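> got a predicted structure here, sequence first:
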Number of protein chains: 2
Amino acid sequence: MSIIAERRIREKEAMRTNILTTAWQIVKEEGWQSLSIRKIADAIQYSVPVIYDYFDNKEAILLEFGKQGFELVIKKLKSAKASSTDPAEQLKAIADAYWAFAFRNKEYYQLMWGMGAPTCEMDKCMPERSVFRDLVMGPMIEIIEKAKHGDAETNACLKYHTFWSILHGLISIKMVAPADDTEQLNKLVLDDAITGFIKNLKS
Amino acid sequence: MSIIAERRIREKEAMRTNILTTAWQIVKEEGWQSLSIRKIADAIQYSVPVIYDYFDNKEAILLEFGKQGFELVIKKLKSAKASSTDPAEQLKAIADAYWAFAFRNKEYYQLMWGMGAPTCEMDKCMPERSVFRDLVMGPMIEIIEKAKHGDAETNACLKYHTFWSILHGLISIKMVAPADDTEQLNKLVLDDAITGFIKNLKS
DNA sequence: TTACTTTTGCTAACACTGTTAGGTAAAGGA
DNA sequence: TCCTTTACCTAACAGTGTTAGCAAAAGTAA
């Protein structure tokens, strides 16, 4: 591999990230709805078709961000889980981390859950369901077994869906119909819902 | 009011509903994404600008459907509530009705929650929050008071959000990432989540 | 019936989308 | 120097929502 070929793929990489960071800036300023190929092209001061030398189409750009979003949230959830060894505390920490991710990274969350950029099949870039599953199923099974309800496995499978529903539902309701409630109240609702959920697991 | 003027507003009304029913048909067949003014115009065999004589813009059409959706779901919820006098059973019935509405009327649900037609500010046609609130807050307060936790009012306020979060979250997760699970399992998850929630209210 | 006004509907355009065909000029390799 | 590949652009196509302006029809009044 010649030195000049190296420079070339480095330049190509640079252009790719240039497109992505520029697109991200547009999204942060104006939202997913108003992200267009032409706007990116204008911003990076190249003509439109250049974008297509680096991405197959617009969806490919969105999927790239989707991947980033999922990687980030999973990193956050894993580190939250690592903050404790008590299964109940782990669940609570995971919920808090997910909540924080959603509101500190509205753009990612909206993209990942189709609330802002629907022209995109996000499932194409979703990680294996097992990644999420493994994160919360373990603590749940522990809790359920400790409480000695038989059939902890299938029981946890049900609770798994409930857990994410509470989180996702609460967040998306807040995002779609922005709260006239205070930030504090929202956090209270989350705490109440999740601690209630965990209490339910134990009993 | 002359007889001819009457016919005119009747014709105008007929055209309006013609536009709406045609649009609805397109949505059912091809989804919100591919509903366009031109497609409606083609289908009703009129030119494009005619649509604008009956609706300010595309959003106005979507809001019309949004209103219909909210009216329908509220009707369903009210009738579900009326099916019992026991507050716990009322909550369960409301949850079931909401669940059924979402999957029997995917198009409405997607529109109302911005999961399919995001170019539309649905909150413009959302009913007063109090309509939903009144439906479930009453039964909740009853349950909480019966269990003698002090401060039933604020307690129910928290639970109110949890209730809708479970429902909305569960449904939207199923819709965004369609289940490889069976229909039966989904219903089981809903039942478990809601009965768990109600049990939590009582304890 | 005639003259005027209102309503109805159309064609054609504007300003945007995503996407691509085809050509030009520069860069790299022989 | 010649040739090939890459980089980049202009211009277009097929869509989107929306509107200006005109022609014909329908209704009203004399």
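Looks like it came in fine.

> remind me, longest helix of chain A?
helix A:3-30 (DSSP state H).

> right, and residue A:102 touches residue A:173 too?
No: using Cβ atoms under 8 Å, residue A:102 makes no contact with residue A:173, being 11.6 Å away. C-beta coordinates here come from the backbone N, C-alpha and C atoms, glycine included.

> out of the two, which sits in the more crowded spot?
Neighbour totals were compared for residue A:102 and residue A:173, and residue A:102 leads with 22 against 19 (other Cβ atoms under 10 Å in any protein chain shown).

> and the more buried one, what does it touch?
A:109, A:171, A:175 (Cβ atoms under 8 Å, 6 or more residues apart in numbering or on different chains).

> whichever of those end up buried, select them in ChimeraX.
Command for ChimeraX that selects the buried part of those, burial taken from 16 or more other Cβ atoms under 10 Å in any protein chain shown:
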select /A:109,171,175
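
> now the helices for chain A?
For chain A, the helices defined by DSSP H cover A:3-30, A:37-44, A:48-54, A:58-81, A:87-104, A:106-112, A:129-146, A:152-176, A:183-202.

> next, format those helices as CSV and append distance to residue B:71 and mean pLDDT.
Shown next, in CSV, are the helices of chain A (distance: least, Cβ to Cβ, whole Å; pLDDT from 0 to 100):
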stretch, distance to residue B:71, mean pLDDT
helix A:3-30, 34, 93
helix A:37-44, 39, 98
helix A:48-54, 44, 98
helix A:58-81, 34, 97
helix A:87-104, 31, 97
helix A:106-112, 28, 96
helix A:129-146, 36, 93
helix A:152-176, 19, 91
helix A:183-202, 27, 88
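
> DNA strand D: which of those is closest?
DNA strand D lies closest to helix A:48-54 among these, at 3.9 Å (Cβ to the nearest atom of the strand).

> domain ranges for chain A?
A:1-55, A:63-202 (automatic domain parsing).

> neighbouring contacts of stretch A:103-123?
By Cβ under 8 Å, 6+ apart, stretch A:103-123 touches A:24, A:27-28, A:31-33, A:35, A:58-59, A:62-63, A:65-66, A:68-70, A:72-73, A:101-102, A:126, A:168, A:171-172, A:175-176, B:33, B:114-118, B:172, B:176-177.

> show me the contacts for the closest residue to residue A:159 other than its chain neighbours.
Excluding its sequence neighbours, the residue lying closest to residue A:159 (Cβ to Cβ, 6 or more residues apart in numbering or on different chains) is residue A:140, at 5.4 Å. By Cβ under 8 Å, 6+ apart, residue A:140 lies in contact with A:87, A:91, A:156, A:159, A:160, A:163, A:201.

> and which of these is nearest chain B?
Ranked by distance to chain B (Cβ to the nearest Cβ), these are led by residue A:159 at 7.4 Å.

> right, and the closest one touches residue A:198 too?
No: Residue A:159 is beyond contact range of residue A:198, at 9.7 Å (criterion: Cβ under 8 Å).

> looking at the two, which is more packed in?
Each of residue A:159 and residue A:198 has its neighbours counted (other Cβ under 10 Å); residue A:159 has more, 26 against 21.

> quick one, what contacts the more buried one?
A:140, A:144, A:197, A:201, B:192.

> need those residues in TSV (columns: distance to residue B:20).
Below are the contacts of residue A:159 laid out as TSV (distance: Cβ to Cβ, whole Å):
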residue	distance to residue B:20
A:140	47
A:144	50
A:197	42
A:201	47
B:192	39
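
> follow-up on the earlier one: quick one: the longest helix of chain A to helix A:37-44, angle?
Helix A:3-30 and helix A:37-44 are oriented at 110 degrees to each other (axes from the mean of the first three to the mean of the last three Cα atoms, to 10 degrees).
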